[in-house]
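1. this one's structure only:
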């Protein structure tokens, strides 16, 4: 199977490249702080959930623009 030129031009996933760079630095002995993609293990704080719900209930972001 051949990959099309258009698909080849898209490039790689940026976080995949960051993972490779992090692994290389760690292998070289660097102390790396990883701020990459993660999976939250803690629930969203109630304050954040309530603020999001309040914003949605105000209905300011719904509807069509005037133009």
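-> That came in fine, so what should we check first? Note that the structure is a prediction, hence the values are computed from the model and not measured. Residues are numbered from 1 along each chain as shown.

2. Just the helices from this protein, written as ranges.
-> For the chain, the helices defined by DSSP state H cover 5-8, 14-27, 46-58.

3. what residue lies at the spatial centre of this structure?
-> Geometric centre of the chain, nearest residue: residue 37, 6.1 Å, by C-alpha atoms, centre = their mean.

4. Just give me the neighbour total for residue 3.
-> Residue 3 is flanked by 8 other residues according to other C-beta atoms under 10 Å. In this view, the C-beta of every residue, glycine as well, is placed from N, C-alpha and C.

5. how near is it to residue 36?
-> As judged by C-beta to C-beta, to the nearest Å, residue 3 and residue 36 stand 26 Å apart.

6. what do you get for residue 17?
-> Counting by C-beta to C-beta, the gap from residue 17 to residue 36 is 11 Å.

7. Before I go, just wanted to say thanks for your time.
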